[in-house]
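>>> I would like the atomic coordinates for the input below:
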Amino acid sequence: MTLLLAALTDAAAGAATAEAPPSAPAAQEPAALEPAPGADSRWPQLLGVQYTFIEQWQSALESPYEGTHSLLPQGDQQPTHTLGAYSGWAPFSWAQLYFDVEKFMGAGVSGATGLGGLTNGDVIRAGTVGLKKEFYIARLYARFMVPLGSGTVRVERGQDQLPGFEAARCLEFKAGWLSAADDFDHNRYGGSTRTQFMNWSLWQNTAWDYAADTRGYTYGFVLGYLSPQWSLKYGMYAMPTVANGQTLETLNRAREQNLELTLSPSALTTVVRLLAYLNTARLGDYAQALAIAAATGTVPDIAADADNGRHKVGFGLNLEQPLADDGNTGVFMRLGWNDAHTEDFAFTEVDRLVSLGAQLSGVRWRRSEDYLGVGLVTEGLSSPHRDYLAAGGSGFLLGDGRLNYAHEQIFETYYRAGWSWTIGQAPLRLQLSPDFQYVQNPGFNRDRGPVRFYALRLHLEY
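Residues are numbered from 1 along each chain as shown. Take a look at the predicted model:
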């Protein structure tokens with residue numbers, strides 16, 4: 001039967017060729033050409049402007065004792081504001097430059113201390129006394145791309161993303177002043193404190209002690225292989241000179257190294273990210289700080305025990321699973337662990353993390369720009385870290401004076417109502433989000449709490 005069909009096909013093709021005049025060969029449709037890589041414009045472009053206002057209230061809580069970094073027992077109320085402008089330039093198809101400026105105003109409730117999972121991701125911690133509330137350079141870096149193949153993909157305008165066509169497979173190199181979180185531990189459903197979950201443990205892996213100054217930025221570089229199905233990135237960034245400090249060390253003295261493998265077999269599927277990191281810095285050792293305190297009859301001080309060349313190792317697993325609505329409805333999970341023999345230094349004081357969350361698109365109730373989010377967190381400390389706090393020691397965020405240890409447990413839910421208008425070729429978006437968080441065992445202390453946080457967030461972007 002197969003041979004018969006083949007013969008019939010060949011005969012039909014021969015007949016068609018015989019009927020066509022020799023001077024008029026059968027026309028062939030030209031093959032589709034891939035667009036050449038490159039941004040839509042070679043001129044510098046404004047890629048975005050944003051303003052975020054958050055008013056947050058912390059409830060009163062059970063507080064039989066307090067330390068230097070405890071939540072305020074009477075409760076608190078604080079506003080925060082952030083402004084940002086983001087620009088880019090592509091002088092060549094293979095080279096891009098980005099320049100961002102931001103400004104932060106306000107303060108976190110209870111001075112943004114007393115929790116591992118802080119409740120407002122827009123807060124700048126008071127790591128440096130007198131840090132000015134002024135415009136500062138958030139990012140200034142170059143990006144270079146080497147195409148591997150002729151395929152291209154269309155990318156749209158966004159913060160630190162020039163619109164145009166880029167190679168589907170390429171080698172990427174970035175270097176300059178940037179944020180480690182720009183390139184590692186991304187998650188579609190829990191990745192932006194200004195539009196999604198506000199708690200640090202839901203928009204980031206808090207067991208990943210990533211390099212940053214007090215504002216969240218550092219200098220370094222990223223080298224990666226990018227493709228639609230998988231990517232592999234390596235990044236090295238400068239660590240601060242002291243915990244939560246504004247001054248950064250040189251890369252040869254103190255650095256963070258990240259390696260992340262991302263698996264995404266198709267456009268709308270489970271995405272898996274596997275992260276490993278190694279920090280080298282002037283770190284204190286919890287066990288040694290305890291031994292010194294026991295020998296001298298003093299309160300342990302992790303900073304006094306600091307020494308150059310010490311390490312911290314950690315790992316992370318990051319999953320996102322689209323469910324419906326072109327992926328706008330989905331679930332996610334993060335797992336995090338670090339050895340925590342040395343002090344938590346740059347991001348927050350969390351050594352173990354399990355976080356789960358879900359996002360539901362408002363298209364289901366005819367509000368396509370609205371979203372509902374729900375998240376759960378349980379996080380913990382290493383044995384040396386909890387012993388240090390129980391003996392009266394303090395880190396840069398935790399320190400109740402003593403500790404009846406328990407896992408810190410967090411629940412958060414938000415509703416984001418959105419509206420948009422087109423101005424020129426870009427949309428103007430307005431979002432209003434009421435947010436509620438409930439924390440059991442704040443600061444990993446069973447003797448304190450529970451505590452509730454209520455917030456109203458206004459986000460405007462162009």
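>>> for Asp100, what are phi and psi?
In this entry, Asp100 is assigned phi and psi values of phi -130, psi 140 (degrees, to the nearest 10).
>>> quick check: it vs Tyr462, distance?
14 Å (Cβ to Cβ, to the nearest Å). Every C-beta, even on glycine, is put in place using the N, C-alpha and C of the backbone.
>>> looking at those two, which one has more neighbours?
Using other Cβ atoms under 10 Å as the criterion, Asp100 and Tyr462 rank with Asp100 on top: 23 against 16.
>>> ok, the more buried one touching Arg139?
Yes. Asp100 is in contact with Arg139 according to Cβ atoms under 8 Å; the separation is 4.2 Å.
>>> what residues do these two have in common as contacts?
Both Asp100 and Arg139 are in contact with Tyr86, Asp160, where contact means Cβ atoms under 8 Å, 6 or more residues apart in numbering.
>>> please give the element, helix or strand, for Leu275.
strand 271-283 (DSSP states H and E).
>>> what's the answer for Asp447, then?
Residue-wise, Asp447 maps onto no helix or strand under DSSP H and E.
>>> that one - nearest residue in space that isn't next to it in sequence?
Asn404 (4.6 Å; Cβ to Cβ, 6 or more residues apart in numbering).
>>> the one you found: what's it in contact with?
Asn404 is in contact with Asn445, Arg446, Asp447, counting by Cβ under 8 Å, 6+ apart.
>>> do you know how far the residue nearest to the spatial centre of the chain is from Ala39?
The chain has Ala181 as the residue nearest its centroid, 4.4 Å off, counting by Cα atoms, centre = their mean. From Ala181 across to Ala39, the span is 24 Å (Cβ to Cβ).
>>> ok, Gln257 next?
31 Å.
>>> so those two - more neighbours on which side?
Legend: neighbour count by other Cβ under 10 Å for Gln257 and Ala39, higher for Ala39 (22 against 16).
>>> quick check: bridge partners of the more buried one?
As for beta bridges, Ala39 partners with Gly164 under DSSP bridges.
>>> what of Leu458?
Beta-bridge partners of Leu458, as defined by DSSP bridges: Phe53, Leu432.
>>> what sits against it?
Tyr51, Thr52, Phe53, Ile54, Leu430, Gln431, Leu432, Ser433.
>>> just the mean pLDDT for whichever strand or helix holds Pro322, thanks.
Using DSSP H and E, Pro322 falls within strand 307-324. The pLDDT scores in strand 307-324 average 97.
>>> assign Gly399 to helix, strand or coil.
Recorded secondary structure, Gly399: coil (DSSP: H, G, I helix; E, B strand; the rest coil).
>>> all strands of the stretch 51-200 of the chain, in order?
76-92, 95-106, 136-147, 152-155, 164-167, 170-178 (DSSP state E, counting those that start in this stretch).
>>> next, count neighbours for the nearest residue to Gln74 once chain neighbours are set aside.
Leaving out its chain neighbours, the residue that sits closest to Gln74 by Cβ to Cβ, 6+ apart is Ala60, at 5.5 Å. The number of residues packed near Ala60 is 13, by other Cβ under 10 Å.
>>> so Ala60 sits right up against Asp76, yeah?
No. Using Cβ under 8 Å, Ala60 makes no contact with Asp76, being 9.3 Å away.
>>> now do the helices in the stretch 251-400 of the chain.
286-296, 383-390 (DSSP state H, counting those that start in this stretch).
>>> for Gln409, find the nearest of those helices.
Among those, the nearest to Gln409 by Cβ to Cβ is helix 383-390 (15.6 Å).
>>> circling back to that earlier point, is it possible to export the contacts of Leu458 to JSON lines including neighbour count?
Output for the contacts of Leu458, formatted as JSON lines (neighbours: other Cβ atoms under 10 Å):
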{"residue": "Tyr51", "neighbour count": "15"}
{"residue": "Thr52", "neighbour count": "22"}
{"residue": "Phe53", "neighbour count": "17"}
{"residue": "Ile54", "neighbour count": "26"}
{"residue": "Leu430", "neighbour count": "14"}
{"residue": "Gln431", "neighbour count": "20"}
{"residue": "Leu432", "neighbour count": "15"}
{"residue": "Ser433", "neighbour count": "23"}
